[in-house]
Structures are given as structure tokens and as C-alpha cells.
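Peer 1: no sequence on this one, just coordinates:
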RNA sequence: GAGGGUGUAGCUCAGCUGGUAGAGCAGUGGACUGUGGAUCCACGGGUCGCGGGUUCGAGUCCCGUCACCCUCCCCA
């Protein structure tokens, strides 16, 4: 036992009930994305580290402290992807997708990697499923993304609040940023230690602080939405008008900012009240494609944190209508044939390897939750029949092999 | 990167001021040779996370270390 090899810290196996929840989430998301005609792309797990430095932002924690980076044999810096958007944009550019159609809707699913301390719903290898719309600058696209997020949560029966905000664009954000820094310097003594640190590094992030005294202080801080230029203001208002004419509940959170540098204009988060954590988030990133070497292309998208969402799902006991074939006596060949006949009709069938008498066999069938036990003894074999027992109802019938 | 908690049987856990390791559940077999969800009996199973120290003697005390869980930071 002492020399047993365990999985690497923060890298976990997903099995049993956790896997059921995992699949439930991805199935729901995939089905909804299909309704909106998104197409899947499978992206590599490894990219050049530079891709993330140039997209997520050099000064973000993700890039500075949380990325798994390493050198290949030729000394190039590679990284395990910490998120999916950068790779999707890279692929969009690399395959010249911008030249094929006026716009493109893509989705991806897979493991992401961040080097951080594991805790509830958070691992070093975690999984996201996300979608992006390239080439649409209009708020319709933002609305579609938020609508999809809402449908996902509704279908999964998860109660969350969708918070939205606008971060403005390159025209209006710098002015706001300056105002904010001025304000933060004035109230510096009221800020927590972390905020004092962050104020110079990434001032927008300060607004995200959860410390009560900070929140109180920020009530009088300048708000991004008051500094939006005409175009950004109109964009944000039209998004709200789409939302208002839908049944999607939302609220504006003027302090909502996101931790990745590439966002512009619309940002949103689906925040769980009982978990007090974000499970789905996203927003618009109109400069990223160009920043990574493509033509100017507006884009917007979202990502679902699968493990985190799974925490909000109840344990599900699904009734699988599966069969167990119980051979009793010298009937193995016959019993295997019966099992295969059932499989050819599409049933899930386990051939029992459990040793022991019929009693033990039925105990096993009961414990494992099989709906039907197909009992096959020498009597049944002689007559070309089987005994089919309904484990739930406790009744059994004898059937000819052809009647299965 | 900072802080807190926990490591004893497959699982959940007890084990007092140091004195040879325990329960429940699960497993296997039997009571019961072709009928489960119940009962009873028996059996197997542990370098007490790892390393060192104190001691005649350490699961228990001390030091170190690792892992897991949780919180902060950060983020989905």
C-alpha cells in the first residue's frame, strides 16, 4: 500500500455518480448548442504559451502564476491550455474561417489546466464546454449567448442570477479607467490590503472585491456604464431591450468585471446564490482576433465550468432497464446465446459471473439493481425456454426463446 | 502564494492520563443443493499516511514530511 501510485494532485478521476452529472451537463449543453446550429471543434490541449500571454493578458494571475508551461525538446515554450477561447480564436484565424462566411459559430469541450490549490469544485485539470460567435458585433449575438446560458441552467434546474455589465471599448474605457484610479487613490485608506495591491495592477478588478468595507466604499465609485461612449451605450441598451422582451431574468451589476483582459463591452456571469461562485461566464471580445493576427473580427461567447456546475446537481438514480442472465447448472452455452439474442434487440445485458446458488445470484441481481433476471437452468434449456423475472414487481414468467 | 482541518480494515468511524488493534457497514462462506430485498452464525482482512525522536514500551507525546478536504487570492 505504501508504494501505491496515486493520481497527481488536482488531477482527478471522474466516475460513478460524478460522471453521470458530468454527462448530463455536457449532453444538455450540446443539445441546446445544436438547436442554435453551433459546430464543434476539437482543439489541442497544448498551445504555444505565447497564445495565452497575448490573449488572456500578460499581467493576469492565470498567465503569471497558474499556467502549466514547459519547454519542448527544441526549447519552445508550450502551455497546457488554461481556457478555451484563445485556442478557438487561434484556430479561427489559422484556418482562415473569416474568409469563408460572414460569421461563424463554434463550440468546444474538454479539459483545461490551471496550477492552483484544489478546493471545492476546483481542480488543476477541470473541464469546460463553451461556445463562440465570430463576426457578429451586434448585441443580438450577445443576447443569443445569454439566452443559451439561461436555457442550459433552466434545463438543469439550477437557480442562478445572471448578472450583466458593459466594460466599454477602446474609445471609452481608458477615460473610465483613469477616473477609477483617481477615485481609488482618494479612498485608499478604506481599501483592504488586496485591493490596495490590485488598484495599480488591474484597477477594474478591484470592483470585484467581496470585503464588506470595500463594497461600501465602491458604492460611490465611478461606474463604467456612466462612462460608455455613444456606441457602447447603445449596444448595451439594445442588449437589455432584447433581454426585456424575453423571459430571462437578469440584473445589471456595475462592478462586474472579468479576470481576462480580452473582454470588451458585454460581460456576464451566472452566479449561484447557494454556492456563491460563478458557474458559467462569458462576454464579448471584439479585439482579440485582430490581436492574435487575424482581421478585425468582433466576437462573443461563454464557457461552462462543468465540475462546478455539477456541484449544484442532485444525485440522480436512474432506472436502467437492464437484464442479468443467470446460468444455473450446465447451461453456459445456451445462456450465452440467450444473452446475445437480447443484446441484438438492443437491451443491456450482463452475463452473470457470480458463483453460487440461485439465491446468491438473485441477491447479486438485486443489489446491482437489475430490472430483469433471466434465469436459465437445465429445465429451461431442455425446452428452449427462459424464466424471466421482474425484480421490481417480483413476478416471473416462462417464455420461449423466440418470444424475447 | 497564505491560513485552517483531517489521515486507524474496502467504506464510515471509535480507541481515555502511553501498556500487544476495535465496531458498524461492505465482502466471502454457511443455516437455505432452483428463487432477491429479512434474520442468524462463521470467516478473511491493518507495517494506525510516511520518516525520525522521547520511552522498557508510541495509534496515543514531540519534530519533520506527504496526501486529502476546506477557506483566501484567482477563476469556470
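Peer 2: Right, received. Where do you want to start? Note that the structure is a prediction, hence the values are computed from the model and not measured.
Peer 1: ranges for the strands of the stretch 301-404 of chain A?
Peer 2: Remark: strands assigned in the stretch 301-404 of chain A by DSSP state E, counting those that start in this stretch are A:323-327, A:349-351, A:372-376, A:385-390, A:395-400.
Peer 1: what packs against the third one?
Peer 2: Packing partners of strand A:372-376 (3 or more Cβ pairs under 8 Å, 6 or more residues apart in numbering; DSSP states H and E): strand A:323-327, helix A:332-344, helix A:358-368, strand A:385-390. Every C-beta, even on glycine, is put in place using the N, C-alpha and C of the backbone.
Peer 1: Give me the sheet partners of it and which way each runs.
Peer 2: Looking at strand A:372-376 with DSSP bridges, its partner strands are strand A:323-327 (parallel), strand A:385-390 (antiparallel).
Peer 1: hmm, back to that, Serialize the strands of the stretch 301-404 of chain A to TSV and add fields for mean neighbour count, distance to residue A:131 and mean pLDDT.
Peer 2: Output for the strands of the stretch 301-404 of chain A, formatted as TSV (neighbours: other Cβ atoms under 10 Å; distance: least, Cβ to Cβ, whole Å; pLDDT from 0 to 100):
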stretch	mean neighbour count	distance to residue A:131	mean pLDDT
strand A:323-327	25	39	94
strand A:349-351	17	38	94
strand A:372-376	24	41	95
strand A:385-390	18	44	95
strand A:395-400	12	49	93
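Peer 1: could you redo the helices and strands packed on strand A:372-376 as CSV and give each row distance to residue A:304?
Peer 2: Compiled in CSV, the helices and strands packed on strand A:372-376 are given as follows (distance: least, Cβ to Cβ, whole Å):
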stretch, distance to residue A:304
strand A:323-327, 35
helix A:332-344, 35
helix A:358-368, 33
strand A:385-390, 40
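Peer 1: With RNA strand B as the reference, name the closest of the ones you listed.
Peer 2: Taking Cβ to the nearest atom of the strand, helix A:358-368 is the member of these nearest to RNA strand B, at 3.2 Å.
Peer 1: how distant is that closest one from the center of its chain?
Peer 2: 39 Å (Cα atoms, centre = their mean, to the nearest Å).
Peer 1: and it, does that touch RNA strand B?
Peer 2: Yes: using Cβ under 7 Å from any atom of the strand, helix A:358-368 reaches RNA strand B at A:358-360, A:362-367.
Peer 1: of all the helices and strands packed on strand A:372-376, which lies closest to residue A:297?
Peer 2: helix A:332-344 (50.0 Å; Cβ to Cβ).
Peer 1: in the closest one, what counts as buried?
Peer 2: Residues of helix A:332-344 classed as buried by neighbour count (16 or more other Cβ atoms under 10 Å): A:334-335, A:338-339, A:342.
Peer 1: got it, and stretch A:57-71?
Peer 2: Neighbour-count burial for stretch A:57-71 [16+ other Cβ under 10 Å]: A:57, A:60-63, A:67-68.
Peer 1: and if you look at stretch A:235-254?
Peer 2: Neighbour-count burial for stretch A:235-254 [16+ other Cβ under 10 Å]: A:235-236, A:239-240, A:242-243, A:248, A:250, A:253-254.
Peer 1: Between the two ends of that stretch, how far is it?
Peer 2: 16 Å (Cα to Cα, to the nearest Å).
Peer 1: Quick check: phi and psi at residue A:150.
Peer 2: phi -60, psi -40 (degrees, to the nearest 10).
Peer 1: Now do the contacts for it.
Peer 2: Counting by Cβ atoms under 8 Å, 6 or more residues apart in numbering, residue A:150 touches A:162, A:248.
Peer 1: now with 6 Å?
Peer 2: residue A:248 (Cβ atoms under 6 Å, 6 or more residues apart in numbering).
Peer 1: Model confidence for it, exactly?
Peer 2: Per-residue pLDDT puts residue A:150 at 95.
Peer 1: give me the residue from the stretch 301-404 of chain A nearest RNA strand B.
Peer 2: residue A:357 (1.9 Å).
Peer 1: how deep is that residue tucked in, by neighbour count?
Peer 2: By other Cβ atoms under 10 Å, the residues close to residue A:357 number 9.
Peer 1: Tell me which other helices or strands the helix or strand residue A:63 falls within touches.
Peer 2: Here residue A:63, judged by DSSP states H and E, is contained in helix A:61-65. Contact here means 3 or more Cβ pairs under 6 Å, 6 or more residues apart in numbering; DSSP states H and E; on that basis helix A:61-65 packs against no helix or strand.
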